[in-house]
Each structure stands twice: as C-alpha cells, then as structure tokens.
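[1] here is my input; please provide its structure:
(chains A and B)
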There are 2 protein chains.
Amino acid sequence: MHLVAVDWGTSSLRGALLDETGEVLREQSHPRGILSIPPGGFADVFESLFAEWMRPEGTRCIISGMAGSQQGWIEAPYCACPAGLDEVARSIIDIQPGRIALLPGLRDEHSGVPDVMRGEEVQIFGAMALTGLRDGLFVLPGTHNKWARAKGGRVEGFRTFMTGEFYALLSQHSILARTLDADAPLDEAAFLQGVTQTHNREGLLHNAFGARTLALFNRMPKSQLSSYLSGLLIGEELRTQSLQTTSEVVLIGSAALTQRYALALGAAGVLTRTLGAEATWAGLHALANTQGRRTS
Amino acid sequence: MHLVAVDWGTSSLRGALLDETGEVLREQSHPRGILSIPPGGFADVFESLFAEWMRPEGTRCIISGMAGSQQGWIEAPYCACPAGLDEVARSIIDIQPGRIALLPGLRDEHSGVPDVMRGEEVQIFGAMALTGLRDGLFVLPGTHNKWARAKGGRVEGFRTFMTGEFYALLSQHSILARTLDADAPLDEAAFLQGVTQTHNREGLLHNAFGARTLALFNRMPKSQLSSYLSGLLIGEELRTQSLQTTSEVVLIGSAALTQRYALALGAAGVLTRTLGAEATWAGLHALANTQGRRTS
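    Residues are numbered from 1 along each chain as shown, chains lettered A, B, ... in the order given. Alright, predicted model coming up:
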C-alpha cells in the first residue's frame, strides 16, 4: 500500500507519494503554508492537493510540521525528549482514523526554558534510517536552526538557534543593510574570516558592528560583507557547542545552507555528511511503519 | 566669553549656551539630525538655529557628533586611541576659523577590525571633568552602546555593542514581535531573569528563542516578555566584559537606559554612578578650553 507523506510548514507545503519500501514515486510542493490557510480550511486544501494520491482504498497519509501547531489543522501536543520513533508514534493524532494522521513535534526542557521543534524530528529519524547512525549530532540549518543530540536512535535533547532569522534582520533592517548586498553569492574567504572573528569571544553584539566599520573604512568590498556577516553568525552558533568531543556531524537541509555549515565545521576540524529532502520522506516512512506496527 | 556647544547627531540636534565656567545658560533641541539636512544645507540650518546665541562678537561654537561624519557638514577624520583632550583638540576641524569648530570622533583598532565613536568621547571627557575620575570604565547605552576604558584622562580603547539596535530589530521585526509588547514598562524581575539566563553561555542566538517558547507555553505574560528580552541582550553584553576586576562603572545616557544597566551591573556586584546630558556640555566646554589654550 502506498503512503502519502506531507511536510506542512509555516510558509510552504511539500508532499511525496511513497511505495511500501519508502521509495519516492512522485513529489509536489506548493506555497500553501499554514499561514495561508483560512480557519477551518485545512481539509479542503488537503483534498484539493492530495485526493488523487489518496484514491486507492486503504491509502494512508502522515503529516509533519507546523500543521500540528496551535495555528494548524489540529493541535498535536509536543512529545517530550528523549524521544524515538516509538515515543513519537504513540503521540500521533488521528485526523481521519486509518486515513490521515498528524505528528506531534518535540519538546526539550533545559535551564527552565522550553525548546521546541516541529518537522525537524522527522528529518532526524529519516537521517538515522538513511545513514544507519543511531548516535551523534544532527544539525538542521534554517530560519530557526536545530542542533540535536541522538543516542540509541532517540533524540536526547536539542537547542534552537535563530541564526537564519538574525541574518535576515541584520542584512535587511539594520544599519548594516546600507552597506551590504544580501543577495551577493557566497565568498568563502570572507565567510571564514567572519567565523574566525568570533574566536575573540566578544560576542555577536560587538562583532556585528565590525561589518559596518569594515565598510566605512573600505576594508572589505560590498560584495563580501554578506558572507562575512553570515560567518559571524554561524561562527557564534558553533562557539556555543562542545565540538572538541565531536568528530562528525550530520547536516540536513538545503545545499545553500548546509554548504556554509560544512565550511565552518570543517575549519573546526569536524567532518560532515549532508542530507536533503530525502531525510523527510525516509522519516515519515519510518514513523508510518512504526505506527502501523502499533495499531496492527 | 560664551560658548555655543552643539551635539549634532544622526536623528536629532541639541545645543547649549555656556558661560565661561561651563554653566548652562540656555538649551534647545530639534529633530534636525544630519539625515534631515539637504546636501550643502548645514550652514543655513546652523544659522537659523544659533544666530542669536552667536551674535556677541567673538562667541565661539564647538560641534560634536555625526556632523563630522562622511554624511555630515565637513568630514573630520577619526582621532586614534589612546586619546585625551589634547589629542582630540589637535584634530579639531575649523569650519569658520575662530567661530565654528567641528570635533573628530575616536577610532580604536583591535583584532584587525576598526571600531568608531562620534560624540560619545565628548561625554566621556565631560564625565571625567564632572566626577574627577581619570581612570575607569565608562558605559554609554544607546542604539550602538560604547564601553570605553580610560587611563590617566585618556580613552585607551573601546568597544561598540549593537544592543539597542538588536532590541529594536527583535521586538519589532522578528517572530518575537508577535507575542511581546515592545512598549510595556520595565518589569525588573523579568529583566533580571533575562540577565541570569545568559549565564548558561549558550549565546543570544539560542536564548532569544526562549522569549518565543516562554510565550508559547504561557510561562511568562506578554507584559513581561520585552523586559526579559532586554535582560537577555544586556546580559549578553555584560558577559563579554571582564567585570571581575571592575568595582565601579560610570553610566552616561538617558535615565530609561542607564537604569537597566545599573540593575544588571548591580546584580553582578558592580557599583554604578549615572550622568546625563550634563556630561556632553562639560565635555564640549573642556575641549573648547583645551583648544583655546593651544591657539592662544
């Protein structure tokens, strides 16, 4: 029986039709993130996009991402860490029993402040399935990056970093926006110069101002400043990690972002391997199978 | 002979008429920062605002701030640190010799990236004159905060922190803007909770996300979140300072901002004393006297 796998995020929606082995038969993506769906409109949008794939009797669908948030289709409360496939499968919400199921996100409580993810946990489980790794550090760059530690196939805990959003804020809305070109292509040397600059431990609030003064004194061309700023941000993020004890990191995300993390981690002597969208489909396949075993 | 002291900044302009002892006789302020002045229009704006004060024969004016920047009246190149009254007075630019003089800013080069200030150095010299301190740490909160170390009456070096601008970006343009009230009054307990949170050393990129999740889980009321975010930012700034060796800090700035630094520094066991606009006038008076001695 086929599986319809859906990653329904804030600003976009992606779907894949998988066969019983998890192989991707067809894919589609739409700018129909949850923020674009009117209240009560999720079922109609779902059927308009996936009715054909769902037609064969007994086809099931599993959905991850922000569709399970307070602003989504139905709220699926977060599952507490540590959590593996079994813990997450036990928290699945049935939207239409036996037909459409919705995944919870993960919650990690550390130093009194909760941390959350929705959708990234699926990519981590998928990366485990694809690589065979059940332990290690999984990094998912994006607007709100996630750094997750896994042990024995379960996500032990994780941290969110607003690195992508800070880059957008600084390059578009701050004083730095006047002198840098946010759309300039990656300049690896300027990027690594930014990463190295964070070793001064003076922090982002100070180092970011350097992207202004380097322009003011014509020490760095406009075309390199966005790469330098990106290096300052990713370097700051890496600085808070205990990478001395880490030999390899699994990166999951778009090529444009994972490339930068691979560069910065490489400069710190850490090996990386990179996965893309295939991790999402592998994770949704693994979770559907886990749920299937529980309910059969 | 009277002195017309002017602090001409990016978004506003303040002036004071001082007598020979430096006492303030009259003050005025206008929303006529350098960004509002058309090219070539500085002299006309100056005369329209200060002609009356300048009328007595021999009255001099001294101007500090962004009026000496590339976008200002005339560019006054930065004076290199360490710099005291003598070094700065030697770099003064005459706009109208014997009548209107323009101050340079300060430049500090550390770890290969230049740092700059324009106008804050005047406040530091003024604070030295008013307190009698010639050594110590002077902190000037604002959009771009300055932390300056003085020795023997000279500014040895300084660092800029974009703390005020980061607060505006995060509270107005980021995902945090959806759940916090940027105009809520200071909640001291929530502010200090934010300061304490930065002790986890996980950095601003992570800790800022906590202002989102605390709202998501209803752990902190909306009215406290802006104070918590402010504490995270100022705590992050303090974390990069070597405050163990500091017993007292001089704060110079508005009451609303210096109050927050006094709270955060107090929690770290550091005493503070606070000065406001009077530091600007005392600094301009001291610099005019220094220049007067040089040219007489």
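[2] what pLDDT does the model give A:Pro104?
    A:Pro104 carries a pLDDT value of 97.
[3] that one and A:Ala80 touch, don't they?
    No. Under the criterion of CB atoms under 8 Å, A:Pro104 makes no contact with A:Ala80, lying 9.8 Å away. (Each C-beta comes from the backbone N, C-alpha and C, glycine too.)
[4] more crowded one of the two?
    Each of A:Pro104 and A:Ala80 has its neighbours counted (other CB atoms under 10 Å in any protein chain shown); A:Pro104 has more, 23 against 14.
[5] what ranges do the helices span in the stretch 1-150 of chain A?
    Using DSSP state H, counting those that start in this stretch, the helices of the stretch 1-150 of chain A run over A:42-54, A:85-90, A:120-131.
[6] which helix or strand contains A:Arg294?
    Secondary structure from DSSP states H and E places A:Arg294 in helix A:278-295.
[7] what's in contact with that helix?
    Contact with helix A:278-295 is made by A:3, A:5-7, A:14, A:16, A:18, A:22, A:24, A:60, A:62, A:64, A:85-86, A:88-90, A:92, A:101, A:103, A:119, A:121-127, A:129-130, A:252, as judged by CB atoms under 8 Å, 6 or more residues apart in numbering or on different chains.
[8] try it again with 7 Å
    Residues from elsewhere that reach helix A:278-295 (CB atoms under 7 Å, 6 or more residues apart in numbering or on different chains): A:3, A:5, A:7, A:16, A:18, A:22, A:24, A:60, A:62, A:64, A:85-86, A:88-89, A:92, A:101, A:103, A:122-123, A:125-127, A:129-130, A:252.
[9] going by neighbour count, list what's buried in it.
    Within helix A:278-295, the residues scored as buried using 16 or more other CB atoms under 10 Å in any protein chain shown are A:278-291.
[10] columns distance to A:Trp147 and pLDDT on top of these, output as CSV?
    Output for the buried residues of helix A:278-295, formatted as CSV (distance: CB to CB, whole Å; pLDDT from 0 to 100):
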residue, distance to A:Trp147, pLDDT
A:Glu278, 21, 95
A:Ala279, 16, 97
A:Thr280, 18, 97
A:Trp281, 23, 98
A:Ala282, 20, 98
A:Gly283, 17, 98
A:Leu284, 22, 98
A:His285, 24, 98
A:Ala286, 21, 97
A:Leu287, 22, 97
A:Ala288, 26, 96
A:Asn289, 27, 94
A:Thr290, 24, 95
A:Gln291, 27, 88
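[11] chain A - how does it break down into domains?
    Chain A breaks down into these domains under automatic domain parsing: A:3-118+A:280-295, A:161-275.
[12] what's across from the closest residue to A:Leu284 other than its chain neighbours in the sheet?
    Nearest non-adjacent residue to A:Leu284, counting by CB to CB, 6 or more residues apart in numbering or on different chains: A:Ala5, 3.8 Å away. Counting by DSSP bridges, A:Ala5 forms beta bridges with A:Ala16, A:Ile62.
[13] centre of the chain to the helix holding A:Arg294, how far?
    With CA atoms, centre = their mean, to the nearest Å as the basis, helix A:278-295 stands 18 Å off its chain's centre.
[14] one more: stretch A:38-51?
    24 Å.
[15] dump that stretch to CSV, keeping only the CA atoms.
    The C-alpha coordinates for stretch A:38-51 follow below in CSV (Å, rounded to 0.1, in the frame of the first residue of the first chain):
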residue,chain,number,x,y,z
PRO,A,38,-8.1,30.2,6.3
PRO,A,39,-9.5,29.0,9.6
GLY,A,40,-11.3,25.6,9.1
GLY,A,41,-9.8,25.3,5.6
PHE,A,42,-7.2,22.6,6.1
ALA,A,43,-9.4,19.7,5.0
ASP,A,44,-10.4,21.3,1.7
VAL,A,45,-6.9,22.3,0.8
PHE,A,46,-5.6,18.8,1.6
GLU,A,47,-8.2,17.2,-0.6
SER,A,48,-7.6,19.6,-3.4
LEU,A,49,-4.0,18.7,-3.5
PHE,A,50,-3.9,15.0,-2.5
ALA,A,51,-7.3,13.5,-3.4
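[16] now the element after the helix or strand harbouring A:Ala211, going C-ward?
    Using DSSP H and E, A:Ala211 maps to helix A:204-216. As assigned by DSSP H and E, the chain's next helix or strand after helix A:204-216 is helix A:222-239.
[17] quick check: residues of chain A near chain B?
    Contacts of chain A with chain B, taken as CB under 7 Å from any CB of the partner chain, map to A:111, A:113-116, A:144, A:159-163, A:165-166, A:169, A:173-175, A:197, A:200-206, A:208-210, A:213-214, A:216-217, A:236-237, A:240.
[18] one step back: now the helices of the stretch 1-150 of chain A in a markdown table, with mean pLDDT and mean neighbour count?
    Below are these laid out as a markdown table (pLDDT from 0 to 100; neighbours: other CB atoms under 10 Å in any protein chain shown):
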| stretch | mean pLDDT | mean neighbour count |
| --- | --- | --- |
| helix A:42-54 | 97 | 16 |
| helix A:85-90 | 97 | 19 |
| helix A:120-131 | 98 | 25 |
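[19] any chance of the ones you listed in TSV, plus distance to A:Pro31?
    TSV is the format used below for the helices of the stretch 1-150 of chain A (distance: least, CB to CB, whole Å):
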stretch	distance to A:Pro31
helix A:42-54	12
helix A:85-90	28
helix A:120-131	20
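[20] how about the ones you listed, which one is nearest B:Leu180?
    Closest of the helices of the stretch 1-150 of chain A to B:Leu180 is helix A:120-131, at 24.4 Å (criterion: CB to CB).
[21] so what's A:Phe50 up against?
    By CB under 7 Å, 6+ apart, the contact set of A:Phe50 is A:Val4, A:Gly15, A:Cys61.
[22] what's the burial count for the last one?
    To tie it back to what came earlier, the one meant is A:Cys61. A:Cys61 has 23 nearby residues by other CB under 10 Å.
[23] number of residues surrounding the nearest residue to it once chain neighbours are set aside?
    Excluding the flanking residues, the one nearest A:Cys61 by CB to CB, 6+ apart is A:Val4, at 3.9 Å. Counted by other CB under 10 Å, the residues lying close to A:Val4 total 23.
[24] and for A:Ser247?
    Around A:Ser247 there are 11 residues (other CB under 10 Å).
[25] for the closest residue to it other than its chain neighbours, list each beta-bridge partner.
    Using CB to CB, 6+ apart and skipping the chain neighbours, the partner closest in space to A:Ser247 is A:Leu271 (6.3 Å). Per DSSP bridges, the residues bridged to A:Leu271 are A:Glu248.
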